[in-house]
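Peer 1: Sharing a sequence plus its predicted fold:
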Amino acid sequence: MYNINLSQVKEIVGAIVAGKRIENVVFVGCGASKSELYPAKYFLSNTSRSLRVSHYTANEFNFDTPDWLGENTVVISASLGGSTPETVKANAVAKAAKATVISVTHAAGSPLTKDADYSIIHGFEENYGAKLEKMGYVLALAVEILQQVEGYEKYDKMMAGFDKIFELAENSARAAKGAAREFAQQYKDAPVVYVMSSGGSAEVAYSTSICLMMEMQWINSGSFHSGEFFHGPFEIVDKDVPFILLMNDGKTRGIDSRALTFLQRFDALTTVVDAKDYGLSSEISSDVATYFNPLLHTAVFRVYAEELSYVRQHPLSKRRYMWKIEY
């Protein structure tokens with residue numbers, strides 16, 4: 001059963017392709033929403049032979065707008081509440097340049113929808129699967145754009161993946177509660193936590209660091225690509241230094257495995273969330289499973305963050321500055 005409306009995605013892309021030639025696809029957002037756009041960017045960058053594909057934090061898009069932005073560009077923006085000022089402005093910038101804007105948000109009628117040609121409203125609160133809908137819709141848009149612009153030989157396998165990933169992620173998140181409680185006890189007093197991953201999950205590591213750790217728990221944190229680990233970050237590895245590794249089940253697994261071997265060699269405090277442990281490539285074709293890692297990692301680590309918040313008595317909704325002062 002799909003958690004997202006793939007027919008809506010197909011209709012939106014079909015309407016755009018019927019009216020113009022798509023040359024550029026730009027993903028624009030801030031914070032967690034920016035990171036949730038990345039799996040689609042990663043997919044399209046790896047698979048398209050003709051499209052220019054870009055990924056921006058919204059204010060950089062606004063201040064240093066690409067020269068090629070225009071009528072042959074599709075801008076896909078995202079904001080959970082639909083009111084992130086920088087992303088709302090990015091829609092206006094795109095619209096003024098005659099680009100086509102698709103906005104993905106949980107809030108119907110929000111400011112993000114004002115300058116959007118098409119809006120997709122996703123769920124969030126119902127369960128862990130619902131929390132993946134934003135990321136899922138954006139990835140589905142990327143797949144559909146590729147299919148309708150160029151054709152994609154693995155399209156049916158991706159569609160079959162969408163049919164399974166939400167239930168798999170929901171079940172995996174619920175199965176992770178025991179491991180998450182253990183993680184919370186081990187990391188509750190950590191002065192700093194480092195997070196890494198690779199492939200489509202590289203920015204899940206980024207958002208885990210800047211949002212779940214720094215924003216929502218006020219824990220110092222840093223993130224980096226597993227492939228960059230041996231080009232600087234591994235120098236801080238020592239016994240009991242806290243790391244989180246979001247391990248991929250797919251093409252970049254070898255990159256993560258190399259980093260894990262080093263962490264274990266020096267007895268770092270290491271938590272591994274391994275998509276393979278939750279059966280990703282058993283449920284989804286190995287030809288495309290690599291693109292679904294971010295959804296599984298996002299769902300499972302949400303449980304880890306929740307358990308950490310309970311032990312630390314620091315709700316994920318608690319803020320010091322955000323939404324409270326002018327900035």
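Peer 2: Arrived safely, thanks for sending.
Peer 1: SS state for the nearest residue to Leu139 once chain neighbours are set aside?
Peer 2: Spatially, and ignoring its direct neighbours in sequence, Leu139 is nearest to Ala40 (4.6 Å; C-beta to C-beta, 6 or more residues apart in numbering). The C-beta positions use only the backbone N, C-alpha and C, and glycine is treated the same way. The three-state label given to Ala40 by DSSP: H, G, I helix; E, B strand; the rest coil is helix.
Peer 1: How about the contacts made by Ala40?
Peer 2: The contact partners of Ala40, by C-beta atoms under 8 Å, 6 or more residues apart in numbering, come to 27, 76, 135, 138-139, 141-142.
Peer 1: top of those residues by neighbour count?
Peer 2: When neighbours are taken as other C-beta atoms under 10 Å, the top entry among the contacts of Ala40 is Leu139 (31 neighbours).
Peer 1: now it: how far from Thr252?
Peer 2: Noted for Leu139: a distance of 17 Å to Thr252, by C-beta to C-beta, to the nearest Å.
Peer 1: where along this protein do the helices fall?
Peer 2: Here the chain has its helices, by DSSP state H, at 6-19, 31-47, 58-63, 85-96, 133-149, 155-175, 177-187, 202-207, 216-217, 253-265, 280-283, 293-312.
Peer 1: okay if I get those helices as a markdown table plus mean pLDDT and distance to Ile120?
Peer 2: Formatted as a markdown table, these follow (pLDDT from 0 to 100; distance: least, C-beta to C-beta, whole Å):
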| stretch | mean pLDDT | distance to Ile120 |
| --- | --- | --- |
| helix 6-19 | 98 | 7 |
| helix 31-47 | 98 | 13 |
| helix 58-63 | 98 | 18 |
| helix 85-96 | 98 | 14 |
| helix 133-149 | 98 | 5 |
| helix 155-175 | 97 | 14 |
| helix 177-187 | 98 | 30 |
| helix 202-207 | 98 | 20 |
| helix 216-217 | 98 | 25 |
| helix 253-265 | 98 | 31 |
| helix 280-283 | 96 | 25 |
| helix 293-312 | 98 | 16 |
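Peer 1: Tabulate these (TSV), appending distance to Ser110.
Peer 2: Shown next, in TSV, are the helices of the chain (distance: least, C-beta to C-beta, whole Å):
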stretch	distance to Ser110
helix 6-19	18
helix 31-47	13
helix 58-63	15
helix 85-96	9
helix 133-149	13
helix 155-175	24
helix 177-187	32
helix 202-207	21
helix 216-217	22
helix 253-265	37
helix 280-283	33
helix 293-312	22
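Peer 1: and of those, who's closest to Leu246?
Peer 2: When the helices of the chain are ranked by proximity to Leu246, the top entry is helix 293-312, at 4.5 Å, counting by C-beta to C-beta.
Peer 1: Would you mark the buried spots in that closest one?
Peer 2: Within helix 293-312, the residues that count as buried by 16 or more other C-beta atoms under 10 Å are 293-309.
Peer 1: next one: stretch 313-325
Peer 2: Those buried within stretch 313-325 under the rule 16+ other C-beta under 10 Å are Leu316.
Peer 1: quick one: terminal-to-terminal distance for that stretch?
Peer 2: End-to-end distance of stretch 313-325 (C-alpha to C-alpha, to the nearest Å): 23 Å.
Peer 1: Residues contacting it, please?
Peer 2: With contact meaning C-beta under 8 Å, 6+ apart, stretch 313-325 is reached by 212, 215-218, 305-306, 309, 327.
Peer 1: Which residues are in contact with the residue sitting nearest the centre point of the chain?
Peer 2: The chain has Glu36 as the residue nearest its centroid, 2.6 Å off, counting by C-alpha atoms, centre = their mean. If you count contacts by C-beta under 8 Å, 6+ apart, Glu36 has them with 29, 78, 134-135, 138, 207, 298.
Peer 1: Same list (those) but as CSV, adding distance to His122.
Peer 2: Shown next, in CSV, are the contacts of Glu36 (distance: C-beta to C-beta, whole Å):
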residue, distance to His122
Gly29, 13
Ala78, 9
Lys134, 5
Met135, 9
Val138, 9
Ser207, 17
Thr298, 13
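Peer 1: where's the nearest residue to Val17 once chain neighbours are set aside relative to Leu51, distance?
Peer 2: Leaving aside its sequence neighbours, Val17 sits nearest to Gln148 (C-beta to C-beta, 6+ apart; 4.8 Å). Distance of Gln148 to Leu51, given as C-beta to C-beta: 11 Å.
Peer 1: Quick check: Asn24 touching Ser50?
Peer 2: No: Asn24 is beyond contact range of Ser50, at 10.4 Å (criterion: C-beta atoms under 8 Å).
Peer 1: Of these two, which one has the most company?
Peer 2: Neighbour tally, Asn24 and Ser50, criterion other C-beta under 10 Å: the higher count belongs to Asn24, 17 against 9.
Peer 1: hey, what's the more buried one bridged with?
Peer 2: With DSSP bridges applied, Asn24 shows beta-bridge pairing to Arg52, Thr73.
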